[in-house]
Every structure is written in structure tokens, then in C-alpha cells.
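*Asks:* I would like the atomic coordinates for the input below:
(4 chains)
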2 protein chains.
Amino acid sequence: MKPAVRRTTLAVDVVVLSPRPDALAVLLVRSPAGARERWGLPWDAPQIGEGLEEAAARITSAVLSVPPAFFEQVGTLSDGRRHPGDADVSVGIAALSPAGAGMPTEDAEWFPLAGLPALAPRHRTIVDRAAAVVRQRVDQSPLAFRLLPATFTLSDLQSVYELLLSRRLHKASFRRALQASYLVEPTDEWRSEGRGRPAQLFRYAPKKRRGARRGVRFDLFTE
Amino acid sequence: MKPAVRRTTLAVDVVVLSPRPDALAVLLVRSPAGARERWGLPWDAPQIGEGLEEAAARITSAVLSVPPAFFEQVGTLSDGRRHPGDADVSVGIAALSPAGAGMPTEDAEWFPLAGLPALAPRHRTIVDRAAAVVRQRVDQSPLAFRLLPATFTLSDLQSVYELLLSRRLHKASFRRALQASYLVEPTDEWRSEGRGRPAQLFRYAPKKRRGARRGVRFDLFTE
DNA sequence: TGACATTGGTGCCGAATTGTTACTAATTCG
DNA sequence: CGAATTAGTAACAATTCGGCACCAATGTCA
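*Replies:* Below you'll find the predicted structure:
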């Protein structure tokens, strides 16, 4: 028995995520008339010679005026769950877009992650996986920084972490850990939000960290 | 512009990993005559209605006498890198097989991860991603336990972690952290390895952990 | 048979990290 | 001006971590 390729139909399904004041939001597009569900994830087939993340950028650009800042594959599915275009195989991609960047086109809309309308089963699975992957990787890669503009306050950053992790963090501990990590540097700008003391703006500027890897962290197990 | 699926050729490429005494090993199969490289990853197209992990199990079973204990997708590629079967799209899957489980068939062989022969460019990329993913997730999911038989000594477990992380760990700290995590339970068996005190055998038996999530860990950033 | 080499397992201490409280600073609102 | 509000920090107690030293149980070998 020799291995051989097989022709299948392929779709790239994109979960565009962006922080709203009180929750993470997902960008959905209105389905064409006759579809089983009213809303769905933006999707399309990759063009010939087009990379998957490249396809995700193109697909997102068609419904949001700007391309996302970051992509992360969240898994490829070929099970029996129904896809709106009946693709055999779907590549799920999470796309992170900074707060307030871009405006959805007329047929697209932001929905809070916790309150989505009915989706095709495969899209539902992909959204759940995207949420899980983002939550799981948030302290291993700079996802949170991709959900913010180029400069941001430390309170902004903490809010994003709280959205992603769904729990409150302690201000002093958060800042102390951030300080020790050399991931941000202060700018000389300050932002006044109306009431309260103005906050200094920071930018993401990771510096080489001296080795010092810690021991095994069994306490991070998610199962 | 309406989204539409497109027909492409698809392959599942499997990186079977297993611990050897001194390094992680990858299972490679001899390429058919006429191929550019002598060795390659086991691969095939998924059958109709077959899930991707299911396909990975089938592909592995054809070259190792037992199916792997665990699968993890390491990314889907559609770039221009050459695939031995010229698939447009490859799904890379890491498959973990316990130490000493199964015998490779005649045309397959274990190679240490650090000393692989030349591979087709896409296979090379998939192997690198598999190694990176496994290293990155080792303290978030029970990967290490899938590289061991059902019962194992704590020294075995520590060795696997040391292989995966490529660094030595401190015995007392390792055991203290493991204790606190409630991931293993002792059996009443002991194993005598020849010289030295016999070691108690443990099994993987994760218990519900009381909440107690820690603060944000910026020190885990891998970038 | 009795040192001793070898591997498994634990107790403990000082150092580093973390969670928390409480404080100071700078601004708007009335 | 004082109260309210948000930003930022100091300091302390509790916990965790790395490392060392030690004890335990076995095989080896004189």
C-alpha cells in the first residue's frame, strides 16, 4: 500500500477576535439567503499558491477595513460536522485585531463571545477551539499585545488579560511581573481619560531575557 | 464575491515521537526508489469520512505495530515547500508513543531528533514544528505521560521531562511540584532495576484540582 | 560478611516570588 | 476647596523554589 494524495474541498474559517469594553468579541457575517443559520464565520478557500494565514488576512480584509495583527491556527477539522460551504476540510484560524481597529462592512457585525447566535456546527467548534487556544497561549506568546494599539496603558493591558483569562488580576502583582519580564517600555506620552490621574503609555518592546528558566509547572495543566 | 470551496490535494504527515535512553526519537520510513530523499515521515491522504487523528493512527499503525497513545496537530501548511507526494496542503500531526512500545516494520527506523537524515523541505518544517509544539505544551497537557507506559517510576517521568525540555531538573523540586498537582497516584508495585534501591511505580491519575489559579506568567514567553 | 557504590526518596533552610494591604499622586467634578 | 476617581508604588506576610544534606534499600565485590 503506497501513500497517495487525494483531492478534497478545503476552506479557511476565520475567528476574528477583538476586545470590547466588557468582553471579547467575534466578527460574524450574515449568511446568504437560504442558509440554515443566519450568521457564520468569514471563510473562503485559499487561492492557488496562497498561504493559509495569507488567505485568512484576505478573508478578514473583505469584512473589516484592516487586516488583523496576528494569526494563529487553532486546528484543522475533517469530521462530519456541517460546514456552510460543505467543505470536507476546514482550517480554523484565530485572527487578532486591536481594539477599535477597522469598521465591519454592512453585512458583518461584532458579537460577544459568550452570546453568539446559532452557527453551523463546524463553525461552532472552531469558535470554541479559538477561544480555548487563545486562553491557553496568552502567557506564552504576545497575544494580548496584538489586541491593543501600538501604545497602550498598563490598565488597558491588564484589562485585556482579564478578558482573556476571565478573572480579575491584582494590579501590583501584574505590574511587578510585567516589569521583570522586560516586555514593554514606557513612551513619553500620557493619556488622560477624563477623570482620574493620567496614565503613561507603553509600547510592546520585548528585550532578550537572561536565561533563568524555571522548574516544571504542573500547575498549568488545563486538563 | 462569494466564498466557495476549492479542490486541493491533501496529505496527513505524522511525526511519531518516542523517548530513547538519551534523546527523543522520530520514526522515519525509507522512501520509494526514485525519490529525492532517502527517508521521509510516514504520510497518506485521509480516507473519505476519516478524521485527521484517525488517519494519523492508521498511518502510524502501518509502520509501527501499535497505534500511538496521543495526537496533537502541529499546524497545517500550504506553502510552496516540496512534499514527497506533491500534496498542496499538509496537516502535520505529532503522535506520541510510549517508550519501547511496538517494533518498526522493516522499512522504518527510529532516528534521534537531533540527527535526522535529509528530508523533503515540508517534512523538515513539520518535524521542527512538532518538536517546538511538544516542548511548548509539555507543562500544559499530559504529553510526558503519553511517552511512558501505564506505570512508571518518578525517575522515568523526570527523565522524559528532561528530554523534552533539554535541561536538567532538580529532583526534590520536581517531586514537590508533582505532589502538589495531584496528577499521579502510587501503585503498590515496585521495580528493581538491578543496582540501587527499587523505585515505586506510579500511574497517571489526574484529580480535580482546587481552583487556585496563579497570576500571569510573563516569564513563560517563548518569543 | 561487611564496606561501598548506586539509585530512590525526604527534610529543611535561605532566597526568591507572590498575594495583599495600604499608601501616595494626579486629575475631574461639584 | 474637598470628594471622587484612576494611576502607580512601598512594604510586608505567606508561599514557593532551588539546593544541600541526609536517610533507605538494593547490588557488588573484596
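
*Asks:* ok, the residue in chain A positioned nearest to DNA strand D to DNA strand C distance?
*Replies:* Closest contact between chain A and DNA strand D, by C-beta to the nearest atom of the strand, is at A:Gly196 (2.2 Å). From N, CA and C alone the C-beta is placed, and that goes for glycine too. Look at A:Gly196 and DNA strand C: by C-beta to the nearest atom of the strand, to the nearest Å, they are 5 Å apart.

*Asks:* Tell me how many other residues surround A:Ala55.
*Replies:* 23 (other C-beta atoms under 10 Å in any protein chain shown).

*Asks:* ok, the nearest residue to it once chain neighbours are set aside - how many residues close by?
*Replies:* The shortest distance from A:Ala55 to any non-neighbouring residue, by C-beta to C-beta, 6 or more residues apart in numbering or on different chains, is to A:Pro46 (4.0 Å). By the criterion of other C-beta under 10 Å, A:Pro46 has 23 neighbours.

*Asks:* did I read that right, A:Pro46 in a strand?
*Replies:* No - using DSSP: H, G, I helix; E, B strand; the rest coil, the assignment for A:Pro46 is coil, not a strand.

*Asks:* what's the lengthiest helix in chain A packed up against?
*Replies:* Assignment by DSSP state H gives helix A:121-137 as the longest helix of chain A. Helix A:121-137 sits against strand A:6-19, strand A:70-77, strand A:89-96, helix A:154-165, with contacts defined as 3 or more C-beta pairs under 8 Å, 6 or more residues apart in numbering or on different chains; DSSP states H and E.

*Asks:* quick one on the thing from earlier: measure the residue of chain A closest to DNA strand D to A:Gly100 for me?
*Replies:* Note on A:Gly196: its distance to A:Gly100, by C-beta to C-beta, to the nearest Å, is 20 Å.

*Asks:* Please say which of these two ends up with more neighbours.
*Replies:* Shown here are A:Gly196 and A:Gly100; by other C-beta under 10 Å, A:Gly100 has more neighbours (11 against 8).

*Asks:* Can I take it that the more buried one is in a helix?
*Replies:* No - counting by three-state DSSP, A:Gly100 is not found in a helix; it is coil.

*Asks:* mind showing which ranges of chain A have poor pLDDT?
*Replies:* Along chain A, the model assigns pLDDT under 70 to residues A:1, A:209-213, A:223.

*Asks:* 90 - rerun?
*Replies:* A:1-7, A:21-22, A:33-35, A:48-49, A:65, A:79-80, A:99-102, A:139-140, A:191-196, A:207-223 (pLDDT under 90).

*Asks:* And the residue of it found nearest DNA strand C, its phi and psi?
*Replies:* Residue of chain A nearest DNA strand C, by C-beta to the nearest atom of the strand: A:Arg197 (3.2 Å). When read as degrees, to the nearest 10, the backbone of A:Arg197 gives phi -70, psi 140.

*Asks:* What distance do you get for it to A:Leu157?
*Replies:* 17 Å.

*Asks:* With neighbour numbers in mind, choose between the two.
*Replies:* Of the pair A:Arg197 and A:Leu157, A:Leu157 is the one with more neighbours under other C-beta under 10 Å, namely 22 against 7.

*Asks:* Test my guess that that one contacts A:Gln200.
*Replies:* No - counting by C-beta atoms under 8 Å, A:Leu157 does not reach A:Gln200; the two are 11.8 Å apart.

*Asks:* overlap in contacts of these two?
*Replies:* Residues touching both A:Leu157 and A:Gln200 (C-beta atoms under 8 Å, 6 or more residues apart in numbering or on different chains): there are none.

*Asks:* thinking again about what came up before, need the contact list for the residue nearest to A:Ala55.
*Replies:* Applying C-beta under 8 Å, 6+ apart, the residues near A:Pro46 are A:10, A:12, A:52, A:54-55, B:6, B:8, B:78.

*Asks:* before we move on, the earlier item: out of the helices and strands packed on helix A:121-137, which comes closest to A:Arg176?
*Replies:* Nearest to A:Arg176, of all these, is helix A:154-165, at 11.3 Å by C-beta to C-beta.

*Asks:* how much space is there between the residue nearest the centre of chain A and B:Leu163?
*Replies:* Closest to where the C-alpha atoms of chain A average out (C-alpha atoms, centre = their mean) is A:Leu96, at 3.6 Å. Distance, A:Leu96 to B:Leu163, using C-beta to C-beta: 33 Å.

*Asks:* Highest mean neighbour count across the helices and strands packed on helix A:121-137, which stretch is it?
*Replies:* strand A:89-96 (a mean of 26; mean count of other C-beta atoms under 10 Å in any protein chain shown).

*Asks:* Test my guess that A:Val63 contacts A:Pro42.
*Replies:* Yes - with contact defined as C-beta under 8 Å, A:Val63 reaches A:Pro42; the gap is 5.1 Å.

*Asks:* More neighbours: those two, which one.
*Replies:* Neighbour totals were compared for A:Val63 and A:Pro42, and A:Pro42 leads with 22 against 19 (other C-beta under 10 Å).

*Asks:* my guess is the more buried one contacts A:Val12, does it?
*Replies:* No - counting by C-beta under 8 Å, A:Pro42 does not reach A:Val12; the two are 9.2 Å apart.

*Asks:* Mutual contacts of the two, please.
*Replies:* With C-beta under 8 Å, 6+ apart, A:Pro42 and A:Val12 have common neighbours A:Ile59.

*Asks:* what separates stretch A:159-169 from the chain centre, distance-wise?
*Replies:* 14 Å (C-alpha atoms, centre = their mean, to the nearest Å).

*Asks:* With just CA atoms, put it into CSV.
*Replies:* Coordinates of the C-alpha atoms in stretch A:159-169 are reproduced here as CSV (Å, rounded to 0.1, in the frame of the first residue of the first chain):
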residue,chain,number,x,y,z
SER,A,159,-8.0,44.6,31.1
VAL,A,160,-7.1,42.5,28.1
TYR,A,161,-5.5,39.8,30.2
GLU,A,162,-8.6,39.8,32.4
LEU,A,163,-10.9,39.4,29.4
LEU,A,164,-8.8,36.6,28.0
LEU,A,165,-8.4,34.8,31.4
SER,A,166,-11.9,35.6,32.6
ARG,A,167,-10.7,36.6,36.1
ARG,A,168,-9.5,39.6,38.0
LEU,A,169,-5.8,40.2,38.4
